[in-house]
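Visitor: The sequence and its predicted three-dimensional model are supplied below.
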Amino acid sequence: MIDLAAERVIRHIESLPDQPGEDVEGAKELSRSLIEDLPESGRPFPELLELLFERVAPKSLNTMSPGFMSYIPGGGLFHAAVADLMGNVINRYVTVWQAAPGLATLEANVIRWFGGMVGYPSEATGFLASGGSMANLSALVTARKDRLPEDFLRGTIYMSDQTHHSITKAALIAGFPERSVRTVPVDSLYRIRIDALQESIRRDRAVGLQPFLIVGSAGTTNTGAVDDLDALADVARDEEMWLHHDAAYGGFFMLTERGREAMRGIGRADSITLDPHKGLFLPYGTGCLLARDRAALERAHRVDADYMPRRESSDEIPSFCDISPELSRDFRGLRVWLPMKTS
């Protein structure tokens, strides 16, 4: 079975230069033809491979095609696919540290590498999420827990009119009414206007609201614009607000000299979202949240139960279930660790 699958995978990869960037003609008809009831008997594996690779997969937007330039990529490095295969075969539970301490450490190393890239101190932490949307949601909930009382509905959130819509969605999921989200205008370079931000905060405080979160963009989806991250950090410090940067698009440009200059000051944020499935071309489903304060993540996410083992997280390696929303999840760390470690 592995040999047959590998042969089809290799053939698929070798043919990528000749594959179209998209082929969705007749997709509705194909989708209708695939609807079926629970099967009562199986089909030969070669037939299923033929169905998948020849009929089903080609009718799609082919983000791995060299000709696909429509939006931010999810390249799907082959090394990461191999890592997923091995991780699923090993099938260890890494969300509680002592269940697989070695594997959990490999994933924690990835977080430490990313933290060092953005200028965070070694004690900073974070976790791998399914993508930027989940990372932004977790950051917003952490900020809410850290900066607002239990009755948080007077809290207000500030972002530019270029900020990714997942921030607004996160606010709604976290229990805020839409009126709690302030959309601040941008300048001629599509960066959030600092003067307008300060005025909006001042106006809200004057009527008894509680400004608690500023969201900066380190690479917007619309234009790739980067806010003045240093200036935002100054405002957040002066106003005693949580500062979160959505760097899902641009964060990994920190690996370049020009990127570090453009994103100067990013490490002053309380939390940062990254998307390895964008800048590192990893498979979809690989996002990341970094946070300066591990205790803040734990206060927002940790819940104990009788059936949960006593967590023995070391100072260096947290149990990911204590700092993130998920209890059950796949071993995402290997798909990042293996490509970064392979020569």
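Guide: Structure's in. What do you need?

Visitor: Reduced to three states, what does the nearest residue in space to Gly75 that is not next to it in sequence come out as?
Guide: Distances taken as C-beta to C-beta, 6 or more residues apart in numbering place Phe281 nearest to Gly75, at 3.0 Å, with adjacent residues excluded. No exception for glycine: its C-beta is placed from N, CA and C like everyone else's. Per DSSP: H, G, I helix; E, B strand; the rest coil, the secondary structure class of Phe281 is coil.

Visitor: Equivalent analysis for Met69, please.
Guide: Here Met69 is recorded as coil under three-state DSSP.

Visitor: Renumber starting at 20 from here on
Guide: All set: I'll call the first residue 20, so the last point we hit is now Met88.

Visitor: I'd like to know how far it sits from Pro39.
Guide: For Met88, the distance to Pro39 (C-beta to C-beta, to the nearest Å) stands at 13 Å.

Visitor: The two: who's more crowded?
Guide: With neighbours defined as other C-beta atoms under 10 Å, Met88 and Pro39 compare such that Pro39 has more, 12 against 9.

Visitor: Against Gly45, how distant is that one?
Guide: From Pro39 to Gly45 the distance is 14 Å (C-beta to C-beta).

Visitor: Report how many residues lie close to Phe87.
Guide: Phe87 is flanked by 16 other residues according to other C-beta under 10 Å.

Visitor: What residues does it make contact with?
Guide: 40-41, 80-81 (C-beta atoms under 8 Å, 6 or more residues apart in numbering).

Visitor: go again using 10 Å as the cut-off
Guide: Applying C-beta atoms under 10 Å, 6 or more residues apart in numbering, we find Phe87 in contact with 38-41, 80-81, 94.

Visitor: go on, Phe231?
Guide: 159, 162-163, 165-167, 171, 173-177, 199, 258-261.

Visitor: Equivalent analysis for Arg221, please.
Guide: 230, 258.

Visitor: can I assume it sits in a strand?
Guide: No. Counting by three-state DSSP, Arg221 is not found in a strand; it is helix.

Visitor: In this protein, where's the longest helix?
Guide: If you go by DSSP state H, the chain has its longest helix at helix 120-137.
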